[in-house]
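[1] sharing a sequence plus its predicted fold:
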Amino acid sequence: MALDNQINIPGYSGQDLGVVVSSGDSKLYLYAISRTNITPIGSPIPVDLNSLLQQTATTQPTPYAVGVDPGTHLAALVYASTNTSTNIGFIVDVNPNLDGSDTHTCFINSAAKKPPCVIAPVSMVTGSTPQVVMEPGAPLAYVTPGGQGSNAVVDLLQQGVSAQIAPAVTNGTSGAVRTSGLVKIVTLTPHGINPALGGTVIIAGLLPADLDGTYEVIPGSVIDAYTFSYAPKWQPPGLKSRRTRRAVRDGAIWHAVLFV
């Protein structure tokens, strides 16, 4: 749970905002908190996180911890995984926005279309018990990995980069091609990935759908502003090791800004 004690919530004068992570249903719940009462805001207003990672329920890590900057009402949300490290988190606008004055743009994978909602992905590596600590007076979050991974600093004012994947073609360069267990992506617009830092990408909209998901960019694969590669965590049964397959439907990528 995290607190925002500088927000003015219409209808809840003088009360603080409490933000609770629910790992069981992958949602954030918002509460108005006073000295004597804890009241769900709205009916309530959950921030649904289930659609963010483009992965199946059996492989999706769980939201684990959150920290809120009272100055901006933005939060850093981190995930946990018991089996492997998790390579992404999110920036969330937790303003209940009861008067509709918050104009932040929601992340395209977000179930909500206006705040409160997730507004951007962030590249970080966390393990089974990550934690978030906020910098007083600044929109910065410090993330401890909780097992696998490394410490990270998140600038809550930064935004991720999105790009459209080039369409599939019969003769020529297709936007998504899987060969020998690796997927090479070519985008129509610059993907924004720093070759020296790499980072995390969210892939969505491809067919076959097993190409979609959240992946770390393979070091050395960013050969220009439009090209990179990743390794899917799962390969279709019977896929021959050196067989080349092209995606038959184009999709999109979201590059999470990397902070270390």
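    Looks like it arrived, so ask away. Numbering: from 1, shown residues only.
[2] isn't Gly199 right next to Tyr215, touching?
    No - Gly199 lies out of contact with Tyr215 (C-beta atoms under 8 Å); the separation is 10.1 Å. Every C-beta, even on glycine, is put in place using the N, C-alpha and C of the backbone.
[3] for stretch 92-112, list every residue counted as buried.
    Residues of stretch 92-112 classed as buried under the neighbour-count rule (16 or more other C-beta atoms under 10 Å) are 92-97, 104, 106-107, 109-112.
[4] count the neighbours of the spatially closest residue to Thr82 that is not a sequence neighbour for me.
    Distances taken as C-beta to C-beta, 6 or more residues apart in numbering place Ser128 nearest to Thr82, at 5.1 Å, with adjacent residues excluded. Close neighbours of Ser128, defined as other C-beta atoms under 10 Å, add up to 18.
[5] what sits against Gly127?
    Residues near Gly127 by C-beta atoms under 8 Å, 6 or more residues apart in numbering: Ala80, Ser81, Ser85, Thr86, Pro145, Gly146, Gly147, Gln148, Gly149.
[6] helix, strand or coil for the nearest residue to it once chain neighbours are set aside?
    Leaving aside its sequence neighbours, Gly127 sits nearest to Gly147 (C-beta to C-beta, 6+ apart; 2.4 Å). Following DSSP: H, G, I helix; E, B strand; the rest coil, Gly147 is assigned to coil.
[7] show me where the stretch 51-200 of the chain has its strands.
    With strands called from DSSP state E, counting those that start in this stretch, the stretch 51-200 of the chain shows them at 62-69, 74-80, 86-93, 117-126, 131-134, 140-144, 152-155, 161-164, 176-179, 182-186, 200-204.
[8] minimum distance to Asp4: which of those strands has it?
    Nearest to Asp4, of all the strands of the stretch 51-200 of the chain, is strand 62-69, at 4.8 Å by C-beta to C-beta.
[9] report the angle between that closest one and strand 74-80.
    On the basis of axes from the mean of the first three to the mean of the last three C-alpha atoms, to 10 degrees, strand 62-69 is oriented at 160 degrees to strand 74-80.
[10] other SSEs contacting strand 62-69?
    With contacts defined as 3 or more C-beta pairs under 8 Å, 6 or more residues apart in numbering; DSSP states H and E, strand 62-69 has these neighbours: strand 2-4, strand 16-22, strand 74-80, strand 131-134, strand 140-144.
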